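Participant: Make a model of this:
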Amino acid sequence: MDFRKLESFVSIVKHGSFTKAAEELYLTQPTITGHIQSLESKLGTVLLNRNGKTVSLTEAGQILYKHAINILNTKERALFSLAQYEGKLEGELIIASSTVPQRYLLPDLLAAFSLQYPQVRFVIKQFDSKGVVDAITSGTMDFGFVGTDTSLPELEITELCQGCLVLITPRHGKFEKREEATLTWAEVKNEMFILREEGSGSRTLFLKGLEKKGIDPAKLSVVATIENPDTIKQCVRAGLGVAVVSELSVEDEIRMGLLNGFYLSGLDLKQSFYFISHRRRVLSPIARAFRGFTAEYFAAP
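Facilitator: A predicted model of the protein is given here:
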């Protein structure tokens with residue numbers, strides 16, 4: 001059975017569209033249609049229900065889809081093994097990542113991967129955590145890095161490392177001379193808060209932490225909602241308000257005395273970072289190598 005026809009079939013199922021499948025595979029729509037007609041003729045059955053712009057699997061199509069995924073995965077594993085054997089793993093690796101992993105985890109990881117595979121080029125696409133998940137489930141991206149757990153059955157999730165959220169405050173003002181490393185919620189609940197945008201992993205974790213403690217997030221005094229973490233830090237430094245952010249993102253500012261950082265006692269604000277991919281997605285040899293390398297890199301002591 002022709003791999004190209006199976007790839008067309010799987011892409012149509014993934015996107016629910018002949019047009020999007022053609023765009024992904026850089027083929028014309030008549031070519032994609034021809035591949036499906038050829039498969040249906042060869043197998044003597046209808047694989048796809050076509051209702052206007054809506055495409056869905058028939059029962060026969062569901063059976064073939066499971067086998068097609070396995071066949072294409074086997075092909076990719078073979079190509080990957082050959083590429084490793086010949087030392088010719090090269091090409092473009094497109095990575096989806098939320099803000100904190102992109103800025104504080106990826107640089108060292110990519111540098112280490114590049115030493116082993118110098119012919120690989122990187123393209124990084126930035127989303128918030130929800131955006132990364134949506135991109136993978138929709139088929140726009142194959143894998144990514146996020147700072148929040150997502151329990152969707154179609155996703156395969158690998159925890160890479162852990163961190164914590166901290167409250168950052170200006171160096172001047174109310175908490176200027178505070179020497180303790182922690183603050184209670186009672187001490188900060190009336191502060192003006194700067195939040196990340198909806199969909200941000202750190203925002204989601206912070207608000208869930210409040211809810212677990214029986215605190216209504218709606219009672220927060222929110223002075224600003226800002227997407228860019230650097231802008232948030234600058235606004236806190238200027239005295240606009242306080243913010244709860246990933247400890248990774250403010251280590252340098254706290255060490256240099258530009259911001260104060262405190263743990264919030266009694267709140268569960270432990271943060272994990274994850275590599276996520278689609279369970280049924282056929283990853284390229286480069287992506288498979290990168291996934292394995294990433295797991296080993298973060299597992300190392």
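Participant: biggest strand in the protein, by residue count?
Facilitator: Among the elements of type strand in the chain, defined by DSSP state E, the one spanning the most residues is strand 155-169.
Participant: how far does that one sit from the chain's center?
Facilitator: Here strand 155-169 is found 12 Å from its chain centre; the criterion is CA atoms, centre = their mean, to the nearest Å.
Participant: Would you indicate which residues of it are buried?
Facilitator: By neighbour count, with 16 or more other CB atoms under 10 Å as the criterion, the buried positions of strand 155-169 are 155-156, 160, 163, 165-169. Glycine gets a C-beta too; all of them are placed from N, C-alpha and C.
Participant: next one: stretch 109-122
Facilitator: For stretch 109-122, burial by neighbour count (16+ other CB under 10 Å) applies to 109-110, 113, 117, 120.
Participant: isn't residue 18 right up against residue 28?
Facilitator: No: under the criterion of CB atoms under 8 Å, residue 18 lies out of contact with residue 28, with a separation of 10.4 Å.
Participant: Residue 266 reaches residue 183, doesn't it?
Facilitator: No: counting by CB under 8 Å, no contact exists between residue 266 and residue 183, whose distance comes to 10.1 Å.
Participant: more crowded one of these two?
Facilitator: For the pair residue 266 and residue 183, the greater number of neighbours falls to residue 183 (20 against 14), based on other CB atoms under 10 Å.
Participant: The residue lying closest to that one once chain neighbours are set aside bridge partners, please.
Facilitator: Leaving aside its chain neighbours, residue 183 sits nearest to residue 262 (4.5 Å; criterion: CB to CB, 6 or more residues apart in numbering). For residue 262, the beta-bridge partners are residue 167 (DSSP bridges).
Participant: Roughly how far does residue 262 sit from residue 76?
Facilitator: Here the criterion is CB to CB, to the nearest Å. By it, residue 262 lies 48 Å from residue 76.
Participant: of these two, who's got more company?
Facilitator: The neighbour count for residue 262 versus residue 76, taken as other CB under 10 Å, is higher for residue 262 (21 against 16).
Participant: Thought residue 169 was touching the more buried one, still the case?
Facilitator: Yes: Residue 262 is in contact with residue 169 according to CB under 8 Å; the separation is 7.1 Å.
Participant: okay, and the common contacts of these two?
Facilitator: Shared contacts of residue 262 and residue 169 (CB atoms under 8 Å, 6 or more residues apart in numbering): residue 175.
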